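Trainee: Just need the structure, nothing else, for what follows:
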Amino acid sequence: MNAIEIEEAISALAEQAFDAASFPYAFLEAFGNKATTIKRLKGGSTNTSDIEGGVLQRSNIHIAVCAEGEVTATLNTLKASPATTKAKAKFILATDGISLEAEDLASGETVACDYKDFPNHFGFFLPLAGITTVKQIRDNTFDIRATSRLNRLYVELLRNNPDWGTSERRHDMNHFMARLIFCFFAEDTDIFNGDNLFTATIEQMSAKDSSNTHEVISEIFRSMNTKTTDRKKENIRSWADGFPYVNGGLFSGSTEVPRFTKIARSYLLHVGTLDWKQINPDIFGSMIQAVADDEERGALGMHYTSVPNILKVLNPLFLDDLREQLEQAESNPRKLLNLRKRMSNIRVFDPACGSGNFLVIAYKQMREIEAKINELRGEKDRPTDIPLTNFRGIELRDFPAEIARLALIIAEYQCDLLYRGQKLALAEFLPLDAENWITCGNALRIDWLSVCPPTGKSVTLIGDDLFSAPAEQAEVDFENEGGETYICGNPPYIGDKKQTKEQKGDIESILANKTKRWKSLDYIAGFFIKASDLIGITNGGCSFVTTNSVSQGQQVNVLWPLLLENTTIISAHTSFKWANLAQNNAGVTVVIIQLGEKYSNVKKHLYEDGISRQVEHISPYLTAQQTPFLANAPRPITNLPLMTNGCAAKDGGNLLLSSKEEIPPEDHIAHKFIQPLWGSDEIINGRSRFCLWLEDKDIPEIEKSNFLKHRIEGVREMRLSSKKAATAAWADRPHRFVEIRRPKCSHVIALPSVTTETRPYLTPVFLTGDVVISNLAFALYEAELWVLALLSSRLHYSWVKAVCGQLETRIRYSNTLGWNTFPIPKLTEKNKEDLTRCAEDILLARETHFPATIADLYDPEKMPADLRHAHERNDEVLERIYIGRRFKNDTERLEKLFDLYTKMTTPSNKTNGKKKVS
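Mentor: Just a heads-up that it's a prediction; the model follows:
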C-alpha cells in the first residue's frame, strides 16, 4: 500500500463506530497487513501481548484498547511491558475510542489526540507499512489527505463524465481541478469573505441529489471572472455575488463544469472540510500532479521530493552565498540594502519544473532572507522586492505547469501572511496578476533565452494567463532587469536505449552538430548542454539532479568535453539516494552537479554523505583532481592477466539447455557434448544451465543424433532470418557458437557482466576449466587466485562504478574500461601471497553457507558475518598496499586510483613503449 491508500483506510476506520474488539486488527489492516497475518494474530499464534486485550505484532506495534479515561496509564503500561521489549516493537498505541495516544519507541516522538482526529497523524505511523519518509511529511500530513480526497473526486467525476477524460477534454478537467484547489485554499485563508464560503454555498444551493451541482459551481466561477462593477449587467446570481473578482486567467474562458453524482458531491463537500491553511505548496504540487496523470495515479503520493534534497541543489547554487552576505552585512543599512537589491534581480529558472517544487522552495527561502533584511533595517511591513515573475519554468504537460504557477501564488500569499501579517497579505492578494511566467512546452525545443533572458528583454513564449496554449502566448518582461540567472531542477533522465523517436530527435537537434556520438547520451545531456550555453551569456550558474550515469562510463567521454569548453564544475554531491515517499524509500541513485563559468574564481566544494570539503578542482568523475578522460584499453595498463568476454551462441536458444533431461536418455551421442554454461544469472542465482558444445570435427557424430540434427537446424533457420549480416554469415556452421573465447585451461575466474548496486562487492567465482562462460560474463583463464581478491575488493568496485557506468540501477561491467584501466601498484610476491589467502577466505566463507546463492550471501541486510569479515580483511590487505592504511571512503579511493591512472598513462612515465609499473 502507498501513503494515499493508507490514509484512505485510516480515515474510513475513524469514521466508523468505534468497536473495541476489532479496532487493533482494523488498524493493522489499514497499514497493509494481509488477511492471513490478521487471522494468526486473532487466533493468538503470533500475538505475544502480555496485556489483557492487547495485540502485539512482533517488530511492529503493541496496541491496547482500554476503559474510558485510562489511555495515558495504558500507554505507560505498554511501554513498561516486557513483551514490548522482547518483541522489539517500534510503536505503542492506546485508545478508549474517545482519545488516542501513541509513541515511537525509537525516537520518543508521541501523538495525543481525539480519536476521530487520529487520521491527521497517520504519517506518524507510516513506518508500520515499511514506508520511511522525511520528518516534514510526518509533521504535516494534510497534503496527502487532500490529495487522497481530490483523487477520489477526480476518479468519480471521470467515471460519470468519460468524455472529460479524453485527450480533447483532459485540459478542461485539469483546469477545473486547479480552480477547485484555489477555491478551497481561498475559503480557509480569508481570501474569500465568510467561513467556508465556497463549500457552504455549494452545500446550500445545490440539490442533495446533485442534479444542479455543476450549475452552482459554474455560476461561482463566472462570478469570480466578472468585475464587481459588471456583475449586475452580467446577471450574476445574488448568492454568487459574495465571491471576489480573482482575475489572473484562473476563471477565464469556459465555466463549464462536469456533472456530479451524489457520491461526487459528497466527496467535494468532504474535501472542503479539510483545513487548507495547512497546505505546503512545495509538497502539494507534486502530489496533486499525480491525480491528473493516469500513469502516476497508481503511485499516488510517492513522488514527493524532500525539501532537504532540493536544498542540496539550491544552497550551493546561490542561497548559501546570500546567507553569507547577510551575515557579513550585520546591521549595516547600506550593505543590507545592496543585498536586497541584488536579490530582487535574481532569476531562478527550472527548465523541467513539473509542479514547481524547486521554484517554490527557492522563493520561500529568498523571502525568509529578505524578511531578515527588512527586520534588521526596521522595515518589517515592507512589501517584497522579490517578484514571482523572476521564478521561471518550462514544463511539457499543461496541468503541472498550471499547478506550478498556482503553487507559487499560494507560496507568495503564505509568505506575505508570515512576514507582513494577514491584513497586508489580504489587501494585496486579489485580483491576481494576469501574467503567466510558466511556459508549457518542450524545454529542449524552446530557446531558453526567450523564456529567461539576461536582461529585461521581451519573452515571446509566455502565456498571458494560466491556461493559454503556447501558440497564444504573449510577452512578460522581468520586473527587475539585469542580475543573475540560476538554472536548477531535476530534468528527466531517460537513458539512451529508452528514448522515444521524438526524444531522440530532441537530443539530435541540440547535439548532432557538436558530436557524432550524441545517440549514446542520456536525455538529460540536452539540458546540461543548453544550460552551459546559457551560463556563458547570463551571470549565474546551473545545478541539476541527475542519475550518476552522466559521471560514469562512456558518457563522460562524450558529454564532458563539450561542457568543459565553456563551464567548470563548481560543486557536486557524490552518489546518494533521492528520497521520495515510495515504500521502503526506493529512490533512484543520483548525483548533483553545479556548473559555473569556466574561469570562475568561486570556491569549489565536493559533498559526500552530507559532508562538504573545499577543493581546488572537481573532475567529471566527481573526484577532487584533474583526471584524463578514460578510454577503452585493448589490454591492461599494468601486468594484470587478460580478461575476455565469454562465448556468444547467437543460436535462438537451440544450443542451450535448462537441464540435461532435455536430451532423450537413449541419445548417448548428444549427451557426450553437454557442457555446464555460466553467465551472470548462473553465477548470482546459482541456476544450472548447460549448452551443446560442438566443433567441426564432431560433424560425423552429429549426423547420428536426431536431437542434435533438430537443434542445429533450428540454429540454421534462426541465423538465416537474422537481419544482422554477421550472424547470417554463420548459418552454414550452425553447430558452432559464433563467438568462441575458450582456451584449454585448468580453471577460470568468472565475473557477472551485470550486478545490482545494492550488493557491496562484485562477485567473481572460481570454476573448473571444463565450463563454458557465456557472453553474459567475463572470464580470466588460468588466472592466479590473488586476481579474485582484486576483483572482490571495495577498491575495484568503486573504480568500476565510476568508469563503467550503470544499466538502470545495475552496475555494467566492462573489461576494456573497468579491468584494463584498473591501476595497481607493483605487487611483490608477499603481496600476492597475502591476497591469495584473502581470496581463499572469501571462497571458504561462501562454501560454509552452501547452498546459499551469491544473491543470498551478498544481500546487504543478510550478509553472513564471516563472509563480511573475509571481505573486510581483503580490503584491509589490498588498501594497505596502496596507501599503508584503509581508505576513509569511496571518494578517497577514487582520488588515489585516478592519480595512479594519470601517472601510469602519461607518456613521460613510459620508457621505450614499456610501462614503468607492473
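
Trainee: count of residues packed around the nearest residue to Ala726 once chain neighbours are set aside?
Mentor: Leaving aside its sequence neighbours, Ala726 sits nearest to Val738 (CB to CB, 6 or more residues apart in numbering; 7.9 Å). For every residue, glycine as well, the C-beta is placed using N, CA and C. Val738 has 17 neighbouring residues, counting by other CB atoms under 10 Å.

Trainee: distance of Val738 from Leu432?
Mentor: In this view, Val738 and Leu432 are 67 Å apart by CB to CB, to the nearest Å.

Trainee: same deal with Thr546?
Mentor: Taken as CB to CB, the span from Thr546 to Leu432 is 35 Å.

Trainee: Check Phe184 too.
Mentor: From Phe184 to Leu432 the distance is 16 Å (CB to CB).

Trainee: what about these two, which has more around it?
Mentor: Counted by other CB under 10 Å, Phe184 and Leu432 do not tie: Phe184 has more neighbours, with 24 against 19.

Trainee: Can you show me the helices along the stretch 551-700 of the chain?
Mentor: For the stretch 551-700 of the chain, applying DSSP state H, counting those that start in this stretch gives helices covering 553-563, 668-671, 680-685, 699-702.

Trainee: need those in CSV with distance to Phe124, can you?
Mentor: Formatted as CSV, the helices of the stretch 551-700 of the chain follow (distance: least, CB to CB, whole Å):
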stretch, distance to Phe124
helix 553-563, 42
helix 668-671, 64
helix 680-685, 39
helix 699-702, 70
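
Trainee: tell me the mean pLDDT for stretch 698-712?
Mentor: Over the span of stretch 698-712, the pLDDT mean works out to 94.

Trainee: got the CA coordinates for stretch 884-901 in PDB?
Mentor: Extracted in PDB, the C-alpha atoms of stretch 884-901 (Å, rounded to 0.1, in the frame of the first residue of the first chain):
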ATOM      1  CA  GLY A 884      49.500   1.900   4.100                       C
ATOM      2  CA  ARG A 885      46.000   2.100   5.700                       C
ATOM      3  CA  ARG A 886      42.300   1.700   4.900                       C
ATOM      4  CA  PHE A 887      40.800   4.400   2.800                       C
ATOM      5  CA  LYS A 888      38.200   6.600   4.500                       C
ATOM      6  CA  ASN A 889      35.600   6.300   1.800                       C
ATOM      7  CA  ASP A 890      35.000   5.700  -1.900                       C
ATOM      8  CA  THR A 891      35.800   9.300  -2.800                       C
ATOM      9  CA  GLU A 892      39.300   8.900  -1.300                       C
ATOM     10  CA  ARG A 893      39.600   5.500  -3.100                       C
ATOM     11  CA  LEU A 894      38.800   7.100  -6.500                       C
ATOM     12  CA  GLU A 895      41.100  10.000  -6.000                       C
ATOM     13  CA  LYS A 896      44.000   7.600  -5.400                       C
ATOM     14  CA  LEU A 897      43.100   5.400  -8.300                       C
ATOM     15  CA  PHE A 898      42.700   8.300 -10.700                       C
ATOM     16  CA  ASP A 899      46.000   9.700  -9.500                       C
ATOM     17  CA  LEU A 900      47.700   6.400 -10.200                       C
ATOM     18  CA  TYR A 901      45.900   6.100 -13.600                       C
END
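
Trainee: Other residues contacting that stretch?
Mentor: 574, 606, 608-609, 619, 621-625, 627-628, 630, 637, 794-795, 798-799, 801-802, 821-825, 875-876, 879-880, 882-883 (CB atoms under 8 Å, 6 or more residues apart in numbering).

Trainee: And Leu767, what's its pLDDT?
Mentor: The model's pLDDT for Leu767 equals 96.

Trainee: Next SSE downstream of the host helix or strand of it?
Mentor: Using DSSP states H and E, Leu767 sits in strand 765-768. Sequence order places strand 772-773 as the next helix or strand after strand 765-768, per DSSP H and E.

Trainee: Note down every partner strand of that next one and its orientation.
Mentor: Using DSSP bridges, strand 772-773 pairs in its sheet with strand 674-678 (parallel).

Trainee: List the buried residues in the strand it pairs with.
Mentor: By 16 or more other CB atoms under 10 Å, the buried positions in strand 674-678 come out as Ile674, Pro676, Leu677, Trp678.

Trainee: CA atoms only for stretch 273-282, dumped as CSV, please.
Mentor: Provided in CSV are the C-alpha atoms of stretch 273-282 (Å, rounded to 0.1, in the frame of the first residue of the first chain):
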residue,chain,number,x,y,z
THR,A,273,-14.0,20.3,5.4
LEU,A,274,-10.2,20.0,5.4
ASP,A,275,-8.1,22.8,6.8
TRP,A,276,-6.5,24.2,3.6
LYS,A,277,-4.4,26.7,5.6
GLN,A,278,-2.0,23.8,6.2
ILE,A,279,-1.2,23.3,2.5
ASN,A,280,2.5,23.0,1.7
PRO,A,281,2.8,24.3,-1.9
ASP,A,282,6.3,22.7,-2.2
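
Trainee: Show me which positions of it end up buried.
Mentor: In stretch 273-282, counting by 16+ other CB under 10 Å, buried: Leu274, Trp276, Ile279, Asn280, Pro281, Asp282.

Trainee: What's the separation between the closest residue to the first one other than its chain neighbours and Met643?
Mentor: Just to be clear, that refers to Leu274. Spatial nearest neighbour of Leu274, excluding adjacent residues (CB to CB, 6+ apart): Ala146 at 5.7 Å. Distance, Ala146 to Met643, by CB to CB: 56 Å.

Trainee: got the buried residues for the strand holding Leu767?
Mentor: Val765, Phe766, Leu767.

Trainee: and the second one, bridged to which residues?
Mentor: The residues paired with Phe766 through beta bridges, assigned by DSSP bridges, are Ile749.

Trainee: my read: it touches Ile749, true?
Mentor: Yes: Phe766 lies in contact with Ile749 (CB atoms under 8 Å); the separation is 5.9 Å.

Trainee: what residues are shared contacts of these two?
Mentor: Contacts common to Phe766 and Ile749, judged by CB under 8 Å, 6+ apart, are Leu788.

Trainee: coming back round to it: just the buried ones from the contacts of stretch 884-901?
Mentor: By 16+ other CB under 10 Å, the contacts of stretch 884-901 give 574, 606, 608, 619, 621-625, 627, 630, 637, 794-795, 798-799, 801-802, 821-824, 875, 879, 882 as buried.

Trainee: mind listing which of those are in strands?
Mentor: Thr574, Leu606, Glu608 (DSSP state E).

Trainee: partner residues bridging the last one?
Mentor: Think Glu608. Going by DSSP bridges, Glu608 forms beta bridges with Ile611.

Trainee: Let me see the contact set for it.
Mentor: With CB under 8 Å, 6+ apart, Glu608 has these contacts: His573, Thr574, Asn889, Asp890, Thr891.

Trainee: Report pLDDT for the third one.
Mentor: Looking back up the chat, that one is Asn889. Reported pLDDT for Asn889: 89.

Trainee: That one: neighbouring residues, count only.
Mentor: Count around Asn889 with other CB under 10 Å applied: 15.

Trainee: residues of stretch 786-796 that come out buried?
Mentor: Here stretch 786-796 shows Trp786, Val787, Leu788, Ala789, Leu790, Leu791, Ser792, Ser793, Arg794, Leu795, His796 as buried, counting by 16+ other CB under 10 Å.
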